[in-house]
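>>> Make a model of this:
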Amino acid sequence: MDRSAVFIDGAYLVQVLKKHGEPAVDFLKLSERLCRGTERLRTYYYNCMPYQSHPPTRKETERFAKADKFLFTLRRLPRFEVRLGKLGRIGGQFVQKRVDILLAVDLVRMSWDKQIGTAVLLTGDSDFVPAVQAAKDAGVLAQLYFSSSAVHDELLDACDDCFEITTELIDGVRMQE
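Model prediction:
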């Protein structure tokens, strides 16, 4: 089967794009490029909505509305799914909850259900190593797109193919103005 699914860790991609000047990215073009010529079944985007206090500040409301608009736009793209975790507070710090699990469950389920032959991950977190291994055990090729400044060696070792996110890649998927 020559069909791929793209799994994008949204918070990770935001970090990567900051290092490239925060360009606006055409997510459909990015997804197609990451699939490297295979049929793209679907792209999954994982993240959390930003924090809002009760009542929210004007800045929080603006940030939330901007994120909501962005996710609305992603959902309208062909073959895109948005999966949202929860934002939790631990010791005064905000942390994403459930996001990694949502990605891991989708990756393993689609692999074992034989929906895909290739899993394309855009992340750097070693928490995904067991899910990547399960996907490989199901016969799926695991491809990783990563930033050299933010990737765990265990994830690099677990994936079949690894591709660094370069300036050339980012420039090739910028939004046209």
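
>>> Just to check, residue 131 is in contact with residue 103?
Yes: with contact defined as CB atoms under 8 Å, residue 131 and residue 103 form a contacting pair (7.4 Å). Just so you know, the C-beta spots here come from the backbone N, C-alpha and C atoms, and that holds for glycine as well.

>>> The helix-or-strand element of the chain with minimal mean pLDDT pairs with which strands, and in what direction?
Here the helix or strand of the chain ranked lowest by mean pLDDT, DSSP states H and E is strand 86-90, holding a mean of 83. Strand 86-90 pairs in its sheet with strand 93-97 (antiparallel), by DSSP bridges.

>>> Identify the bridge partners of the residue nearest to residue 159 when sequence neighbours are not counted.
Nearest non-adjacent residue to residue 159, counting by CB to CB, 6 or more residues apart in numbering: residue 144, 4.0 Å away. Note on residue 144: beta-bridge partners residue 121, residue 162, judged by DSSP bridges.

>>> where does the closest residue to residue 175 other than its chain neighbours land on pLDDT?
Among residues not flanking residue 175 along the chain, residue 24 sits closest, at 4.0 Å (CB to CB, 6+ apart). As summarised for this prediction, residue 24 has a pLDDT of 95.

>>> For residue 65, see how far away residue 24 is.
Distance, residue 24 to residue 65, by CB to CB, to the nearest Å: 17 Å.

>>> Helices of the chain, start to end?
For the chain, applying DSSP state H gives helices covering 10-18, 27-34, 58-76, 99-112, 129-137, 153-158, 167-172.

>>> looking at those helices, which is closest to residue 89?
For those, proximity to residue 89 was assessed by CB to CB; helix 58-76 is nearest, at 14.0 Å.

>>> Other residues contacting the closest one?
Contact with helix 58-76 is made by 27, 45, 47, 49-53, 56, 80-82, 84, as judged by CB atoms under 8 Å, 6 or more residues apart in numbering.

>>> So which of those belong to strands?
In strands, judged by DSSP state E, the following of these are found: 45, 47, 80-82, 84.

>>> Show me just the buried residues among those residues.
45, 47, 80, 82, 84 (16 or more other CB atoms under 10 Å).

>>> so, if you compare those, which one comes nearest to residue 107?
The nearest member of those to residue 107, counting by CB to CB, is residue 45 at 13.6 Å.

>>> From residue 162, how far off is residue 137?
As judged by CB to CB, residue 137 and residue 162 stand 19 Å apart.
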